[in-house]
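Asks: The sequence isn't on hand, but the structure is:
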């Protein structure tokens, strides 16, 4: 197989290298991590020479550095992720820009659904702790004051579902809503739904900041769009392809986006897919920003959390190569990603809403 000769040669050479490392270690030689002049030392052992040369190659070759220290996704550590996410909410205007959209733009979208039905079927996919869900349901009530609401909540985190239920118990005037709790991922819910509700249609489905966590965003969008009633609406909110996130992920997708989920997806990707399929949509820009100043102070605790969140990499500063870390920090400060305001670095966190018809 001549086309694979380079690949297999690399694999075999890598095996030889790693075997040499293990052989040197088995002979009781300490690993060499810095240049200690062993290349010119006529009295050092063969094992030391071998260990030094191998270590030097591992330190200089990006492919071997990746083998030695693969980057882990932030979502693998739920506790760390929550810390990062909470700080992100504190430092960004994301929830405010969502509320601006909910109160200024969403009412007109909701007014067109339902066609006078006595019950409206609503579904939230990736609803989290429910704060944004309840605000949208409030606007739905204003536009359809006589209608009851049958609300499917899809959320894989038991902790988030618990918080959502607590919020519902403390919120007045929700008697017209029936909540159905689904502790499932989007794909698990799809399988279950096809078995128990193949004919049921929805008037309003929202998927807010959740397509990052599915394996196939295109298939996910198509499935949930297929559930819409003839006058229904599917609302998708993601980071904009023109945001700082979009520039970061386009530049470092190969290094940062290595999981089996689509964590680096933007509305640019979704719109490209919809355009290719000839599916019409409406789009709405949602301006947002985030203060990332501490990211540029080495060792700053909040800066480290923000860097983890921005890159979606667990302990990014510690696990990334010096070259990758320097490149990411340089890009984050670039005018395409951020602007400086009174000595603070303000990241472009713009979101975009996409609305689909059946």
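Replies: Sure thing, it's come through. Remember, it's a predicted structure, so these values are computed and weren't measured experimentally.
Asks: For residue 232, list the residues it contacts.
Replies: Residue 232 makes contacts with 113, 201-205, 357-358, as judged by Cβ atoms under 8 Å, 6 or more residues apart in numbering. Any C-beta I mention is one placed from the backbone N, CA and C, and that applies to glycine too.
Asks: Closest one of the residues you listed to residue 242?
Replies: Using Cβ to Cβ, the shortest approach to residue 242 within the contacts of residue 232 belongs to residue 357, at 24.2 Å.
Asks: And the helices in the stretch 151-300 of the chain?
Replies: Counting by DSSP state H, counting those that start in this stretch, the stretch 151-300 of the chain has helices at residues 158-170, 186-196, 217-226, 244-256, 267-277.
Asks: Just send these back as CSV, with distance to residue 109 too.
Replies: Formatted as CSV, these follow (distance: least, Cβ to Cβ, whole Å):
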stretch, distance to residue 109
helix 158-170, 23
helix 186-196, 22
helix 217-226, 15
helix 244-256, 24
helix 267-277, 17
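Asks: out of those, nearest to residue 341?
Replies: Across these, residue 341 has its closest neighbour in helix 244-256 (14.2 Å, Cβ to Cβ).
Asks: Same list, the helices of the stretch 151-300 of the chain, but as TSV with distance to residue 95 and mean neighbour count please.
Replies: Below are the helices of the stretch 151-300 of the chain laid out as TSV (distance: least, Cβ to Cβ, whole Å; neighbours: other Cβ atoms under 10 Å):
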stretch	distance to residue 95	mean neighbour count
helix 158-170	14	14
helix 186-196	22	14
helix 217-226	23	18
helix 244-256	16	19
helix 267-277	18	16
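Asks: just to revisit the earlier point, just the buried residues out of the contacts of residue 232, in PyMOL syntax.
Replies: A single PyMOL command is used to select the members of the contacts of residue 232 judged buried by 16 or more other Cβ atoms under 10 Å:
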select buried, resi 113+202+203+204+205
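Asks: Just the ones in strands from the contacts of residue 232, please.
Replies: Among the contacts of residue 232, the members falling in strands (DSSP state E) are 202-205.
Asks: Which two of those residues have the greatest separation?
Replies: Farthest apart among the ones in strands among the contacts of residue 232 by Cβ to Cβ are 203 and 205. That separation is 8.4 Å.
Asks: Quick one: residues contacting the closest residue to residue 208 other than its chain neighbours.
Replies: In this structure, residue 208 finds its nearest non-sequential neighbour in residue 237, 4.5 Å apart by Cβ to Cβ, 6 or more residues apart in numbering. Residue 237 makes contact with 98, 101, 206-209, 286, 351-354 under the criterion Cβ under 8 Å, 6+ apart.
Asks: Which parts of this structure are strands?
Replies: Secondary structure of the chain by DSSP E: the strands cover 119-125, 148-154, 177-182, 202-208, 228-239, 282-286, 289-291, 338-341, 344-348, 351-356.
Asks: how about low-confidence regions in this structure?
Replies: 1-69 (pLDDT under 70).
Asks: Next, name the residue at the spatial heart of it.
Replies: What sits nearest the mean C-alpha location of the chain, by Cα atoms, centre = their mean, is residue 263, with 3.6 Å.
Asks: Could you verify my assumption that that residue touches residue 213?
Replies: Yes. Contact criterion Cβ atoms under 8 Å: residue 263 and residue 213 qualify, at 7.3 Å.
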